[in-house]
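> heads up, no residue letters with this:
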């Protein structure tokens, strides 16, 4: 026996060795997989470190650039003007964005209100129809019950001889009436469940604005943007303010110290006036209609017009006199207006 084991081996021992080898193989595969994941994470972290170093270097370069400008007597006042203009530009952007959001919410609320009114009207009409059916069934049931009582009374009033001959037909009539009453009760229960379903039905969710509504909103936003532009377009501050959103500090020179002081005074005055002076709603709507008359769209389902077709600014005075001025506010993206239009 010992010699056979030595020749052919022990099957139990071989099985255990195979299981250990298989376990080692899977452990090795898992380790290789984990190592590959760690190596991938390391590469990603190294890339992030490179990007962060690049951002830090750019910020440091920007900081040193601003520092050098502030140390230069000929540029220090220009830097102040630049950042005052940039702050005012951001105020203008915020105001256009706020107007846009308020207008969209107002239109959505109005549209949802109309939708709810129509839905409630349909639900009331549907409920009234079911209530009429319930009333008709109850009248029918009352008539059946009266008929049943009358038949029962007639049966009780019959004398013995007549009762003997007519009992079967009267009983059959009573059974028929009782069956009709049961059916009417079932129908009424079904109608009551239908009425309950109608009364507890959930109202519809807010739906998206239609293309016509989106275009109407965009015309109003463009009208409001023109209004802001017109408040300080005469002295070309609008263009100077907008430049700060497109260029970096040091790229624009505004002039001497006195010239910079004049610009600072002008923008401070416009900033205060911007919150106080606004066109009336009628003027905004009138200007929006004028803009929409010339507005063209690249595609039939576009809500945003082609910029070149809305490049006329309309100045409307208190007497309703209209003057026109060329300025492509949408094309040049004044106050980031293209970002807040409905699409």
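Perfect, thanks for sending it. Please read all numbers here as calculations on a predicted model, not as lab measurements.

> Burial check on residue 121, number of neighbours?
By other C-beta atoms under 10 Å, 10 other residues sit near residue 121. (C-beta placed from N, C-alpha, C; glycine too.)

> following the helix or strand containing it, which helix or strand comes up?
Here residue 121, judged by DSSP states H and E, is contained in helix 76-157. Scanning forward in sequence from helix 76-157 by DSSP H and E, the next helix or strand is helix 160-199.

> Tell me which other helices or strands that next one touches.
Under the contact criterion of 3 or more C-beta pairs under 8 Å, 6 or more residues apart in numbering; DSSP states H and E, helix 160-199 touches helix 76-157.

> now the helix it packs on: mean pLDDT?
When pLDDT is averaged along helix 76-157, the result is 86.

> Go ahead and measure how far that helix is from the middle of the chain.
19 Å (C-alpha atoms, centre = their mean, to the nearest Å).

> Now do the helix holding residue 121 against helix 160-199, angle only.
With axes from the mean of the first three to the mean of the last three C-alpha atoms, to 10 degrees defining the directions, helix 76-157 sits at 180 degrees from helix 160-199.

> Packing partners of helix 76-157?
In terms of contacts (3+ C-beta pairs under 8 Å, 6+ apart), helix 76-157 is packed against helix 11-71, helix 160-199, helix 211-231, helix 237-246, helix 257-276.

> Mean pLDDT lowest where, among those helices?
Mean pLDDT per stretch puts helix 160-199 lowest among those, at a mean of 74.

> chain center to that one: distance?
Relative to its parent chain, helix 160-199 has a centroid offset of 56 Å by C-alpha atoms, centre = their mean.

> repeat for stretch 192-206
Mean C-alpha position of stretch 192-206 versus that of the full chain (C-alpha atoms, centre = their mean) differs by 26 Å.

> roughly how far apart are residue 305 and residue 81?
Look at residue 305 and residue 81: by C-beta to C-beta, to the nearest Å, they are 34 Å apart.

> nearest to residue 291, of the helices and strands packed on helix 76-157?
helix 211-231 (5.2 Å; C-beta to C-beta).

> buried set for the closest one?
Neighbour-count burial for helix 211-231, counted by 16 or more other C-beta atoms under 10 Å, picks out 213-231.

> out of the helices and strands packed on helix 76-157, deepest packed?
helix 211-231 (a mean of 21; mean count of other C-beta atoms under 10 Å).

> hmm, back to that, dump the helices and strands packed on helix 76-157 to JSON lines, plus distance to residue 140.
Output for the helices and strands packed on helix 76-157, formatted as JSON lines (distance: least, C-beta to C-beta, whole Å):
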{"stretch": "helix 11-71", "distance to residue 140": "76"}
{"stretch": "helix 160-199", "distance to residue 140": "6"}
{"stretch": "helix 211-231", "distance to residue 140": "49"}
{"stretch": "helix 237-246", "distance to residue 140": "76"}
{"stretch": "helix 257-276", "distance to residue 140": "71"}
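
> three-state assignment of residue 296?
Classification of residue 296 using DSSP: H, G, I helix; E, B strand; the rest coil returns coil.

> What does the pLDDT read for it?
95.

> for it, phi and psi?
Dihedral pair for residue 296: phi -120, psi 150, per degrees, to the nearest 10.

> ok, it touching residue 306?
Yes - applying C-beta atoms under 8 Å, one finds residue 296 in contact with residue 306, separated by 5.2 Å.

> Go through the helices and strands packed on helix 76-157 and name the closest to residue 89.
The closest of these to residue 89 is helix 237-246. By C-beta to C-beta, the value is 4.8 Å.
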